[in-house]
Every structure is written in C-alpha cells, then in structure tokens.
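Chemist: kindly generate the corresponding structure for this input.
(2 chains)
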There are 2 protein chains.
Amino acid sequence: MNRVLASTAIGVLTYMLVTPAFADLKPEDQIEFRQAGYSFMAWNMIKIKGNLQGEFNQDQVANAANVIAAIANSGMSALFGPGTDQAVGGHKTLAKPELFKPENGEEVVRLAREFVDAAENLAEVAAEGDKDAVQTAFGDLGKTCKNCHEKFRANDDD
Amino acid sequence: MNRVLASTAIGVLTYMLVTPAFADLKPEDQIEFRQAGYSFMAWNMIKIKGNLQGEFNQDQVANAANVIAAIANSGMSALFGPGTDQAVGGHKTLAKPELFKPENGEEVVRLAREFVDAAENLAEVAAEGDKDAVQTAFGDLGKTCKNCHEKFRANDDD
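Modeler: Now for the predicted structure:
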C-alpha cells in the first residue's frame, strides 16, 4: 500500500472513531459488539464450509457470504476505540496490545482492507454459484483472518 | 397468515434445522451465535438511532440497515434447535420456554417474518436516503423486535 492510500485509510478510521453515533459506546460495549460481529461471521463461515464439504446449496452459500461481507463492511474499526485493549466491565478481549499501537496502524489497516476485500470477493463469487470458485475465495478469506489473528490476536488458551 | 403460508414457513424452518451445515452445531454454540446476531444488529440499530437524533449520514445509515437486513435474513431460526431452550455449556438464554412450544410455531413464524420484512424495508428505505422515511421504517422495525420480546423473551433482570 502506498503512503497516500494508507493515509486515506487511516483518515477513514479516524473519522469513524470520532463520529458521534460511534463515540458514545462504552469500551465494554465496543468489545461485546466486535466479538458479536466476529462470532456471527464465524457461524456463516461454518455454513459455507459445510456446503463445501457436503451438498452445495448455492442459495445458502450466497446468503452466508452476503452476511459476512455486510459485517466486514460495517465499520468495525470503530469498535477498537480507546480502553478496549484490555478486559473492561467483565468483557475480556483476545486483541493483543500491539493492535492498538500507532506504529502498527498502517499494517492493521492493510490487513483489515485485505479482509474486507476478500469478504466482498467471496460474496461476488458465491452469487455466481461455482463451487470450485467459492472454495478458492473461501480459502482466500480464511487466509486474511489468519494473517491478522497470527499477529494481533492471542490464543484462546493464552 | 393463512394455513398454506404458515405450513410453508414452518416447512422452511424444519428444512433449515435439518440441513447438515446447521445440524452439527452444539446447543451452546447455537445460543452463542444467535446472541451474537442480535447483539450485532443492536449495534447497527444504535448507529441508525444516532444518525436520526444527530447529523444524518446516509451512507452510514444505509450501511447499518444493510447489515441488519443481512443478519435478519440469515436463517437464524436454525439457531433455536433442540436443547437451546435453557442455559447449556455456560451459555444462558433469555428465550422463554414458550418460544419452543409447537403450538406457538405459527405465531413465532409470523413474528419472525414481520421482523425480516421490516428489516428488508428499512434497508430499502435507507438506500433512498430520506430521513423521515428512515425514521418511520426504523420505528416499524423496532416494533417487530418488541412484539417478539414481549411474548418470548425474559427480561434481563428476571
């Protein structure tokens, strides 16, 4: 990503973080909502995986991919505001402190962008209904999840 | 809802419950995923409410309405399977036992259908960008949430 693009992306993130509709959320609510988003995407990933391993129902796959793309595109970066880098109000987080460090901002934005792009691509491919193409797009999306988790998410059992 | 429509809707529910991609989920996972869906919709309701009470950003409202419609349309009835009518595996539920009684099936399907229709309507209206129309559609959606909660969801502090 070149510097202009990175600056634009960070500008978008900053804008979203200061938009009133987002800014009023308590840190614990931000953690709850972001975990809800990831959890609901996980269910839809499970659905698609089930279709790839068994009988392929295009409508179900396209529906699930659409849900993932909608959530991925919903501005979840606004749910990583100040005070959400550690457990708060009874809500734990697996996000590592590194995720919130300004020096990692460009990388975080890049990984987030790759994730959103892959989710959008899966939704487009799933609408076409070719199982092999869905398999590839699904794998690509999984890689973008893994890329971010490896660097910025603690293991469940840490 | 006439009997044919009700039977069809129940047929759809039954089909979804027995589809392999759904059927493998443990009850506690079904509870987690359905709560995640409602929670993430709540965040997007909060965003829309914030836009209606403050500066109206059409893109943000349309985006949030699209997320709600996608989740509402994702077949969440599959997450109310056997064994999910009470706390299981550390996952509590606010769903009342009445929600799972066969004699309430037609009413549950009707309420769910009204909710999905209202969510789809909000997404369509939000895409047009008229604030007053969004206010009305948003209120209509809220009523469908309330109609189901009043009958089939316990209060948080029960």
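Chemist: and A:L99, how far from chain B?
Modeler: Going from A:L99 to chain B by Cβ to the nearest Cβ, to the nearest Å gives 19 Å. Every residue, glycine included, has its C-beta placed from N, CA and C.
Chemist: burial count for that residue?
Modeler: 20 (other Cβ atoms under 10 Å in any protein chain shown).
Chemist: tally of neighbours for the nearest residue to it once chain neighbours are set aside?
Modeler: With sequence-adjacent residues excluded and distances taken as Cβ to Cβ, 6 or more residues apart in numbering or on different chains, A:L99 is closest to A:F152, at 4.2 Å. By other Cβ under 10 Å, the residues close to A:F152 number 18.
Chemist: isn't A:F152 up against A:V108?
Modeler: Yes - the criterion here is Cβ atoms under 8 Å, and A:F152 meets it with A:V108 at 7.1 Å.
Chemist: re the thing from before, so what pLDDT did the residue nearest to A:L99 get?
Modeler: Looking at A:F152, its pLDDT reads 97.
Chemist: now the one 5 residues further on
Modeler: Predicted confidence (pLDDT) for A:D157: 59.
Chemist: and for A:F152 and A:V108, which residues touch both?
Modeler: The contact sets of A:F152 and A:V108 overlap at A:L99 (Cβ atoms under 8 Å, 6 or more residues apart in numbering or on different chains).
Chemist: which other helices and strands does the lengthiest helix in chain A contact?
Modeler: If you go by DSSP state H, chain A has its longest helix at helix A:27-53. Counting contacts by 3 or more Cβ pairs under 8 Å, 6 or more residues apart in numbering or on different chains; DSSP states H and E, helix A:27-53 packs against helix A:58-72, helix A:131-152, helix B:20-23, helix B:27-53.
Chemist: tell me the angle it makes with helix B:27-53.
Modeler: If you take axes from the mean of the first three to the mean of the last three Cα atoms, to 10 degrees, helix A:27-53 sits at 120 degrees to helix B:27-53.
Chemist: right, I'll call it a day here.
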